[in-house]
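here is a sequence with its predicted model. Questions after.
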Amino acid sequence: MSARRLVDTVAQRICEGVATPISLGVYLRIKYGCWDELSMMEVRPSNYSSAETYFADRVVVDLLRKDESLPTSWDRREAALVNFWKAEKSCYRANERLSPYLEGASHPLFDPAIGRFLRLCRKNVRLLLGSSPLDAQALRGRFGPGSTYGDRGRLISLPDKMQSQPTVNSGGTTWLQTWSQSAWGRACAASGRSEILVRGNRFSTVPKDCRKHRGIAVEPSINVFYQLSLGRAMRHRLHRRGLDLDNGQDIHKRVACEASKEGHMCTIDLSNASDTVSKSLVELLLPTPWYEALTSLRATSTLVDGHWVKLEKFSSMGNGYTFELETTLFAAIAAAVLELRGEPVEFGRNVLVFGDDIIVPTSSSSDLLAALKFLGFQANAEKTFVDGPFRESCGGDYFLGADVRPHYIKEEVTEPQHLIVLANALWRLREKAIGVGLHAALTRARFMVLDQLPTRIRSLRGPRELGDIVIWDHEHTWRPRIRHGIRYFDGYTPVRGDPVSWKYFHPDVVLATALFLSGSRADSSDNVGRDGVSLPDSVTGYKVREVPFS
């Protein structure tokens with residue numbers, strides 16, 4: 001059975017078991033290939049009175065929503081470009097609207113009430129971040145796992161980045177003296193490589209769903225090296241005030257679950273949040289030392305389809321401190337709203353922010369949404385919930401306390417490892433299914449997926465703690481081998497190609513890599529080992545091998 005036919009048939013079998021008007025609509029759209037119509041279907045929790053019926057319809061509608069192989073007619077990159085320009089227009093309007101407050105009370109359009117609100121926001125930012133970032137920790141650069149302006153494709157490992165020509169924009173040149181004293185800078189000097197001055201970052205996209213891609217900006221390498229460092233410093237400061245970004249997703253899910261039952265908290269999500277943080281807002285709210293440090297590393301222009309665009313936004317996804325910056329701003333704004341309402345503020349308790357996922361008391365929702373709109377942000381109506389029995393935050397969806405998160409097929413199901421992932425997802429959905437019809441439909445669909453696996457791989461049953469290298473199942477189906485008190489399971493595991501030997505890297509780059517890894521200043525070092533560097537997507541195949549499980 002072809003990959004497309006298998007996935008479509010699985011979805012249709014689930015629809016047959018659900019047997020609702022919504023599932024019938026999904027079934028018919030798949031049957032007749034109405035992919036654009038299928039991708040636009042939505043399930044709104046406000047239309048449901050029970051978690052059972054909502055979850056059943058949500059499972060069938062969202063199963064294929066993010067499938068990159070779904071043959072829709074949408075130009076997905078064009079959709080990302082449209083969002084880029086829409087965000088820039090929004091930031092331009094916000095910059096114009098906020099400009100009187102940069103000039104001060106003497107400006108004829110200055111509103112004293114708004115001025116007071118902005119002062120409260122600025123006070124909260126200072127409380128969260130402190131007055132200055134410039135300490136030893138903030139000056140220690142960091143490497144991220146992704147591409148940079150000059151590093152793309154497969155050559156984006158840590159030593160590849162240090163061996164390539166470094167890039168920097170004009171603002172980032174103020175950091176060159178510090179950079180030259182780092183192990184990376186010394187390695188470049190030893191091999192005679194000097195930095196290349198670039199005008200800004202470049203626009204790129206990453207997959208999001210079957211209708212659109214997500215726009216990102218790829219930053220110069222030296223800029224992002226210190227952006228990540230400032231972002232990490234901000235993360236430490238936020239943690240001290242109760243906003244734990246390292247564990248924020250789990251915290252938000254737990255609070256959203258409780259809020260779906262009690263209704264005391266609301267969950268707010270913003271559309272294109274990072275791309276709509278305007279320059280004027282950051283200048284207004286950040287202490288001057290923080291603003292100057294962040295500004296020196298931001299890109300003032302983006303290369304879009306061969307043309308340079310001067311930016312109205314402050315930073316975008318791809319910048320190493322954007323996530324922490326937007327978390328700080330939204331937390332400060334939410335706290336200011338609560339203060340003006342006379343409510344106490346407890347970061348991490350009644351003000352929780354993780355990027356653009358915001359949780360605040362329901363009583364303050366309308367005031368906060370109004371404030372965010374004035375400051376240039378737009379609530380995502382599909383993901384913002386201020387009343388009713390549903391709440392969603394950080395990948396957790398809850399209806400009166402019941403977990404109703406669906407599964408999204410995101411890649412073409414062509415290989416055994418993809419089938420195992422899908423079978424396990426159907427197992428997980430079946431555990432959450434309340435109705436008999438959905439439970440039976442998911443069971444049949446799972447058996448259909450397992451039937452496509454070779455017999456040897458189909459027998460690889462084990463606990464979910466091992467992840468998707470085994471097929472999750474009841475314990476009586478497991479066949480572990482026990483040696484020295486440790487259980488060993490057969491799993492379907494990836495085989496990686498031989499790493500690129502260290503002999504292909506300059507000795508100073510090898511030394512610099514070791515120094516950075518010893519100081520834990522790389523956000524991803526999984527591709528670096530004693531024998532060399534593994535390239536991204538270096539998996540050459542899969543094989544059955546034994547893995548331990550205590």
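Sure, I can see it.

now the helices for the stretch 151-300 of the chain?
158-163, 176-180, 183-190, 221-240, 248-262, 279-285, 288-297 (DSSP state H, counting those that start in this stretch).

helices or strands up against the host helix or strand of residue 445?
Element membership for residue 445, per DSSP states H and E: helix 436-450. The contact analysis (3 or more CB pairs under 8 Å, 6 or more residues apart in numbering; DSSP states H and E) places helix 436-450 against helix 3-18, helix 51-62, helix 416-432. Where C-beta positions appear, they are placed from N, C-alpha and C, glycine not excepted.

ends of stretch 187-205, how far apart?
32 Å (CA to CA, to the nearest Å).

over to stretch 393-411?
24 Å.

need the helices and strands packed on helix 436-450 in a markdown table (columns: distance to residue 487, mean neighbour count and mean pLDDT).
Output for the helices and strands packed on helix 436-450, formatted as a markdown table (distance: least, CB to CB, whole Å; neighbours: other CB atoms under 10 Å; pLDDT from 0 to 100):
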| stretch | distance to residue 487 | mean neighbour count | mean pLDDT |
| --- | --- | --- | --- |
| helix 3-18 | 32 | 20 | 92 |
| helix 51-62 | 33 | 24 | 96 |
| helix 416-432 | 19 | 20 | 96 |
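
now distance to residue 408 too, for those helices, in TSV please.
Listed next are the helices and strands packed on helix 436-450 as TSV, based on distance: least, CB to CB, whole Å:
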stretch	distance to residue 408
helix 3-18	12
helix 51-62	6
helix 416-432	9
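
residue 500 is nearest to which of those?
For residue 500, the closest of these is helix 416-432, at 24.3 Å, according to CB to CB.

and that closest one, C-alpha only, in CSV?
Written as CSV, here are the backbone C-alpha positions of helix 416-432 (Å, rounded to 0.1, in the frame of the first residue of the first chain):
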residue,chain,number,x,y,z
PRO,A,416,9.1,1.2,9.1
GLN,A,417,10.3,3.8,11.6
HIS,A,418,7.4,6.1,10.4
LEU,A,419,4.9,3.3,10.9
ILE,A,420,6.1,2.7,14.4
VAL,A,421,5.7,6.4,15.3
LEU,A,422,2.1,6.3,13.8
ALA,A,423,1.2,3.1,15.6
ASN,A,424,2.4,4.5,18.9
ALA,A,425,0.5,7.7,18.4
LEU,A,426,-2.7,5.8,17.8
TRP,A,427,-2.0,3.8,21.0
ARG,A,428,-1.6,7.1,22.9
LEU,A,429,-4.8,8.4,21.4
ARG,A,430,-6.6,5.2,22.3
GLU,A,431,-5.6,5.6,25.9
LYS,A,432,-7.2,9.0,26.0
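
what's the angle from that helix to helix 3-18?
10 degrees (axes from the mean of the first three to the mean of the last three CA atoms, to 10 degrees).

so which elements touch helix 416-432?
Looks like helix 416-432 contacts helix 3-18, helix 436-450, strand 471-472, strand 486-496 (3+ CB pairs under 8 Å, 6+ apart).

what about 7 Å?
Packed against helix 416-432, as judged by 3 or more CB pairs under 7 Å, 6 or more residues apart in numbering; DSSP states H and E, are the following elements: helix 436-450, strand 471-472, strand 486-496.

just to revisit the earlier point, in the helix holding residue 445, which residues are buried?
437-439, 441-443, 445-446, 448-450 (16 or more other CB atoms under 10 Å).

just the CA coordinates for it, please, in PDB.
Extracted as PDB, the C-alpha positions of helix 436-450 are listed here (Å, rounded to 0.1, in the frame of the first residue of the first chain):
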ATOM      1  CA  VAL A 436     -16.300   3.200  22.700                       C
ATOM      2  CA  GLY A 437     -16.600   4.100  19.000                       C
ATOM      3  CA  LEU A 438     -13.400   6.100  18.900                       C
ATOM      4  CA  HIS A 439     -11.500   3.600  21.000                       C
ATOM      5  CA  ALA A 440     -12.500   0.700  18.600                       C
ATOM      6  CA  ALA A 441     -11.700   2.800  15.500                       C
ATOM      7  CA  LEU A 442      -8.200   3.700  16.800                       C
ATOM      8  CA  THR A 443      -7.600   0.000  17.600                       C
ATOM      9  CA  ARG A 444      -8.500  -1.000  14.100                       C
ATOM     10  CA  ALA A 445      -6.500   1.800  12.600                       C
ATOM     11  CA  ARG A 446      -3.500   0.700  14.700                       C
ATOM     12  CA  PHE A 447      -3.700  -2.900  13.500                       C
ATOM     13  CA  MET A 448      -3.900  -1.600   9.900                       C
ATOM     14  CA  VAL A 449      -0.600   0.300  10.400                       C
ATOM     15  CA  LEU A 450       1.100  -2.700  12.200                       C
END
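
who wins for proximity to residue 504 among the helices of the stretch 151-300 of the chain?
That would be helix 158-163 among the helices of the stretch 151-300 of the chain, by CB to CB, at 8.8 Å.

can you tell me what sits against the closest one?
For helix 158-163, the surrounding residues in contact (CB atoms under 7 Å, 6 or more residues apart in numbering) are 143, 148, 151, 184, 187, 221, 505-506, 509-510, 512-513, 516, 522, 525, 528, 533.

after the helix or strand hosting residue 80 comes which helix or strand?
Taking DSSP H and E as the criterion, the element that holds residue 80 is helix 76-103. Heading C-terminal from helix 76-103, the first helix or strand you meet, by DSSP H and E, is helix 112-129.

for that next one, packing partners?
Under the contact definition 3+ CB pairs under 7 Å, 6+ apart, helix 112-129 sits against helix 76-103, helix 221-240, helix 279-285, helix 322-340.

please name every helix or strand in contact with the helix holding residue 80.
Contact analysis of helix 76-103 by 3+ CB pairs under 7 Å, 6+ apart lists helix 112-129, strand 201-207, strand 213-218, helix 279-285 as its packing neighbours.

closest one to residue 7 among the ones you listed?
strand 201-207 (16.6 Å).

I'd assumed residue 15 was in contact with residue 27.
Yes - applying CB atoms under 7 Å as the test, residue 27 and residue 15 come out as touching, 4.0 Å apart.

which of the contacts of helix 158-163 fall within strands?
The strands, defined by DSSP state E, take in 528, 533 from those.

among the helices and strands packed on helix 436-450, which comes closest to residue 477?
Residue 477 lies closest, by CB to CB, to one member of those: helix 416-432, at 11.8 Å.

which residues does that closest one contact?
Helix 416-432 has contacts (CB under 7 Å, 6+ apart) with 55, 59, 403, 407, 409, 411, 413, 439, 442-443, 445-446, 449-450, 452-454, 457, 468, 471-472, 492, 542.
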